[in-house]
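# Provided below for reference: sequence and predicted model.
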Amino acid sequence: MARVCRVSIFFLFFSFVLAISSSESDPSPAGAGAEEEFVLTLDASNFSDTVGKSSFIVVEFYAPWCGHCKNLAPEYEKAASILSKHDPPVSLAKVDANDEVNKGLAGEYDVKGFPTLKILRDGGKSIQEYKGPREADGIVEYLKRQVGPASLEIKSAEDATTLVNGKIVIVGVFSKFQGEEFENFTALAEKLRSDYSFGHTLNAGILPQGDSTVNRPVVRLFKPFDELVVDFQDFHMDAMEKFVEEASVPILTFYNKDPSNHPYVIKFFNSPNAKALLFLNVSGEHFEAFKSKYHDIAKNYKGKGVSFLLGDIEASQGAFQYFGLKDDQVPLIIIQTNDGQKYLKQNLEPDHIAPWLKEYMDGSLKPFKKSEPIPEVNNEPVKIVVADNLHDVVFSSGKNVLLEFYAPWCGHCKKLAPILDEVAVSFENEADVVIAKIDATSNDIPSDVFEVQGYPTLYFSSASGNLVQYDGINSKEDIIDFVQKNRDTVVQSDSVKDEL
């Protein structure tokens with residue numbers, strides 16, 4: 001199967017901050033040469049038996065060629081060593097999901113990129129995503145919380161202070177630990193335990209900002225931003241879950257190099273809302289004026305289908321790469337909708353934001369499309385396509401077109417490049433076949449037509465317009481065979497136009 005670099009806006013945002021190498025570097029593992037390995041190695045022959053006997057086990061699905069997996073490996077092994085001494089011991093395991101023998105397991109557990117970590121409970125009956133840190137100490141602390149009760153009883157002010165410590169915590173306050181409300185709360189804690197910390201108590205007075213006269217039962221959410229404490233009294237599961245998800249997102253998400261902000265950035269991008277992103281220099285003289293006005297605007301638009309993020313230009317170069325922006329456009333604001341439409345206002349003053357957002361909400365703004373210029377000279381074997389001519393080349397040329405979506409920084413794309421050149425040369429005397437490529441980081445891709453979740457992604461459009469994605473081996477012979485099987489026969493005439 002084709003190897004791809006799995007990418008998203010999260011990767012592009014975090015790549016600069018977390019110093020993740022997209023070149024698939026191969027660092028020397030910490031602890032290399034250690035005699036004992038604490039991470040269990042599983043495959044199709046022993047996976048079911050091992051998981052079936054485990055009340056709690058963490059499984060990493062990895063690929064040997066994946067640089068991020070290599071970076072995780074020594075941290076994962078160190079965490080496994082520490083957790084083997086925990087009471088009870090916590091097992092960490094790994095599966096080579098790139099091995100043909102294990103690909104069925106990867107499909108069963110919905111593995112779409114590497115590394116993917118899953119928490120399996122009760123012999124594999126319960127499956128949750130691992131959403132914790134990727135360094136040893138963080139892995140250990142996160143999993144210690146996961147292996148214990150989903151919600152901890154808070155018996156003293158000291159317990160409360162330990163639990164509510166600068167993070168999002170959901171506490172249920174009850175008159176007794178029984179009844180439908182308590183059962184629903186504990187079910188919610190079990191469902192969302194990989195995302196949040198939960199506690200329960202009979203005494204609201206021992207909680208931070210406590211009030212012993214609170215009308216119980218109540219769900220009290222603590223957070224280190226905005227109003228700090230929010231109460232909720234509807235104990236239906238769906239209502240509680242919606243409350244937690246909405247109340248745990250800041251009115252204004254701040255993105256800089258501080259890792260403590262990153263979980264909120266992830267929640268921002270997971271939101272179903274349209275996303276407004278304001279980028280500026282946080283050390284600039286007008287930062288406070290922008291921040292104050294932008295926060296007030298975000299507060300006014302709460303509940304109206306738009307989420308707001310304020311990004312430091314120094315930390316946001318990945319986003320600039322994704323959106324095709326330049327530093328000299330700052331301060332700028334961009335809105336991206338769920339259907340991929342983008343709206344841009346650059347070289348802002350603080351007072352420009354509110355009226356521009358009103359135009360967006362009124363539907364009077366026109367979206368912009370990111371596209372490189374159409375090349376004046378395009379005579380290489382693999383033709384260059386850009387957003388502005390993608391439709392004409394792929395769907396209106398009357399030709400059979402194999403199109404690669406690539407990223408300039410992608411190691412797999414670089415390895416594929418000479419192979420595609422050879423494929424293109426093999427078809428150079430057949431005018432009805434075009435081998436082409438488009439830089440998917442510098443051009444907007446119609447997401448309703450092409451599903452590009454990793455690089456490289458190859459699509460083939462026959463002369464009659466039949467579109468199919470290539471999912472084979474990235475070899476010259478396999479790609480040529482794929483083209484031959486899917487192409488249409490085109491009768492050449494003067495009406496066949498050479499679009500490239």
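Yes, it's here.
# what about residue 119, helix or strand, and which?
Counting by DSSP states H and E, the element that carries residue 119 is strand 116-121.
# what about residue 329, neighbour count?
The tally of other residues near residue 329 (other Cβ atoms under 10 Å) stands at 17. From N, CA and C alone the C-beta is placed, and that goes for glycine too.
# cool, residue 88 as well?
If we define neighbours as other Cβ under 10 Å, then residue 88 has 10 of them.
# with residue 341 instead?
Look at residue 341: counted by other Cβ under 10 Å, it has 15 neighbours.
# again, but for residue 411
Neighbours of residue 411 under the rule other Cβ under 10 Å: 18.
# please apply the same query to residue 288.
The number of residues packed near residue 288 is 11, by other Cβ under 10 Å.
# that one should be in a strand, yeah?
No - applying DSSP: H, G, I helix; E, B strand; the rest coil, one finds residue 288 to be helix, outside a strand.
# so it versus residue 280, what's the distance?
Look at residue 288 and residue 280: by Cβ to Cβ, to the nearest Å, they are 11 Å apart.
# show me where the stretch 301-450 of the chain has strands.
306-312, 332-336, 342-345, 383-384, 400-406, 433-439 (DSSP state E, counting those that start in this stretch).
# in terms of secondary structure, what does the fifth one contact?
If you count contacts as 3 or more Cβ pairs under 8 Å, 6 or more residues apart in numbering; DSSP states H and E, strand 400-406 packs onto helix 390-395, helix 411-426, strand 433-439, strand 457-461, helix 476-486.
# list of residues touching it?
Contact with strand 400-406 is made by 382, 385, 390, 393-394, 413, 416, 420, 423, 432-440, 445, 450, 452, 455-463, 470, 479, 483, 486-488, 490, as judged by Cβ atoms under 8 Å, 6 or more residues apart in numbering.
# if we go to 6 Å?
394, 413, 432-438, 440, 452, 455-463, 483, 487 (Cβ atoms under 6 Å, 6 or more residues apart in numbering).
# shaky segments in the protein?
Scanning the chain for pLDDT under 70 picks out 1-35, 210-213, 491-500.
# show me how it divides into domains.
Domains of the chain are assigned by automatic domain parsing as 31-147, 151-247, 253-362, 383-486.
# could I have stretch 481-491 exported to PDB, CA atoms only?
Taking Å, rounded to 0.1, in the frame of the first residue of the first chain, the C-alpha atoms of stretch 481-491 are listed here in PDB:
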ATOM      1  CA  ASP A 481      -0.900  -0.600 -14.600                       C
ATOM      2  CA  PHE A 482      -3.400   1.400 -12.700                       C
ATOM      3  CA  VAL A 483      -3.500   4.100 -15.400                       C
ATOM      4  CA  GLN A 484      -3.900   1.500 -18.100                       C
ATOM      5  CA  LYS A 485      -6.800  -0.200 -16.400                       C
ATOM      6  CA  ASN A 486      -8.700   3.000 -15.700                       C
ATOM      7  CA  ARG A 487      -8.100   5.100 -18.800                       C
ATOM      8  CA  ASP A 488     -10.600   5.700 -21.600                       C
ATOM      9  CA  THR A 489      -9.700   5.400 -25.200                       C
ATOM     10  CA  VAL A 490      -9.700   8.900 -26.800                       C
ATOM     11  CA  VAL A 491     -10.000   9.400 -30.500                       C
END
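# contact partners of it?
For stretch 481-491, contacts defined as Cβ under 6 Å, 6+ apart pick out 400, 402, 432, 460, 462-464, 468, 470, 472.
# for stretch 366-386, same thing?
Outside stretch 366-386, the residues that touch it by Cβ under 6 Å, 6+ apart are 324, 341-344, 387-389, 393, 420-421, 424-425, 434-438, 442-444, 500.
# repeat for stretch 216-226
For stretch 216-226, contacts defined as Cβ under 6 Å, 6+ apart pick out 164, 166, 168-175, 181, 229-233, 247, 250-251.
# end to end on it, go ahead and measure it.
With Cα to Cα, to the nearest Å as the measure, stretch 216-226 spans 24 Å from end to end.
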